[in-house]
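*Asks:* what follows is a predicted protein model with its sequence.
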Amino acid sequence: MTRVVAVHQTGGPEVLSVEDWQIGAPGPGEVRVRQTAIGLNFIDTYQRSGLYPLPLPFVAGNEAAGVVTAIGDGVTEVKVGDRVCYQGTSGAYAEERLAPAAKLVPIPDGIDDQSAAAIMLKGLTAYYLLFKTWPVQSGETILWHAAAGGTGLIATQWAKSLGATVIGTAGGPEKVALAKAHGCDHVIDYRAEDFPARVKEITGGRGVDVVYDGVGKQTFEGSLDCLRPRGLLASFGNASGVVSVPDLGLLARKGSLYVTRPTGAHYFARREDLLEGASALFAAVSSGAIKVEIGRTFELAAAADAHRALEGRETTGSVVLVP
């Protein structure tokens, strides 16, 4: 038996249920992992609420680190005793679990398990956005919403190391200061300032080359107003609600703009792409270009409290659950 946090019906944090589940031996292509640290992400809340439906019941969570304790037939990617991490594979809120070997990435020496669990999903999100969705070039100017969040702190440091001018948004003086200390050249307090007006002021009226927006409904139109003509809005999350665009003519009127809605599931569908992104991420951490910021830790059994804190925008940096 292993302790898990399960969802039997969708809803608020109260539907997260701490239970003991039986897990068996790994099947072909599977491994058993004893987990040491679990990352908390907004996608966990979307799945719990039913916004991103999963078959019920399910074990929550999508990111963790741990040690391989058993392997199934045909597994060549890892071996027993390897320290590994993963992202984008549901079922992470557990002391132990079975996982597909092809989704596991070895953790390099010099990176501890909590750091690996804190950055895998968020860091690979930053990777595909900064290197694939819009490959950021030195001298470009970007806007990153929620710059003091887990993904934001990783991405803004990384973008700064690429030579970009980085503008971030954050809510309140504490988060503004944190974002400023992690790569942002300018930070806009969206609670006190009109962020599109400030972006135009900062850029001398030009606008930014690309906006990375994980907030969603609340910031969508304002994000479009921040772009230069033919700029790109990468909408990668729905923290404030789902975005809808009933009139594509809006993009023409605001400057022949581009909008994309990328997901890691498509960028990392192939193992070689996953390993390429993870290698770049770990190299950036090892070089000091990215400093891992773990804002809070919770016991696994307190996952509901962690969800409340995340959805209430009470967290900064990454949040880790400890089995």
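*Replies:* Nice, I can see it. Numbers count the residues shown, from 1 in each chain.
*Asks:* starting at the chain centroid, how far to stretch 137-154?
*Replies:* Chain-centre distance of stretch 137-154: 13 Å, with CA atoms, centre = their mean, to the nearest Å.
*Asks:* repeat that for stretch 113-126.
*Replies:* Relative to the chain's own centre, stretch 113-126 is displaced by 8 Å; criterion: CA atoms, centre = their mean.
*Asks:* now do the buried residues in that stretch.
*Replies:* For stretch 113-126, the neighbour count (16 or more other CB atoms under 10 Å) marks 113-126 as buried. For the C-beta atoms, the positions are set from N, CA and C on the backbone; glycine is no exception.
*Asks:* next one: stretch 259-270
*Replies:* Buried, per 16+ other CB under 10 Å, within stretch 259-270: Val259, Pro262, Gly264, Tyr267, Phe268.
*Asks:* and the spatially closest residue to Phe58 that is not a sequence neighbour, how many neighbours does it have?
*Replies:* Leaving aside its sequence neighbours, Phe58 sits nearest to Val7 (CB to CB, 6 or more residues apart in numbering; 5.6 Å). Using other CB atoms under 10 Å, Val7 has 21 other residues around it.
*Asks:* cool, and Gly50?
*Replies:* What Gly50 shows, counting by other CB under 10 Å, is a neighbour count of 14.
*Asks:* residues contacting the closest residue to it other than its chain neighbours?
*Replies:* Spatial nearest neighbour of Gly50, excluding adjacent residues (CB to CB, 6+ apart): Thr10 at 3.4 Å. Thr10 makes contact with Arg48, Ser49, Gly50, Pro53, Leu56 under the criterion CB atoms under 8 Å, 6 or more residues apart in numbering.
*Asks:* what's the lengthiest helix in the chain in contact with?
*Replies:* Longest helix in the chain, counting residues (DSSP state H): helix 271-287. With contacts defined as CB under 8 Å, 6+ apart, helix 271-287 is touched by 77, 102-103, 105, 108, 110-111, 115, 119-120, 123-124, 126-128, 131, 158, 161, 267-268, 290-292.
*Asks:* rewinding a little: for the contacts of Thr10, which one is nearest Arg198?
*Replies:* The closest of the contacts of Thr10 to Arg198 turns out to be Ser49 (CB to CB; 32.0 Å).
*Asks:* surely that closest one and Gly12 touch.
*Replies:* Yes - with contacts counted by CB atoms under 8 Å, Ser49 reaches Gly12, the gap being 7.3 Å.
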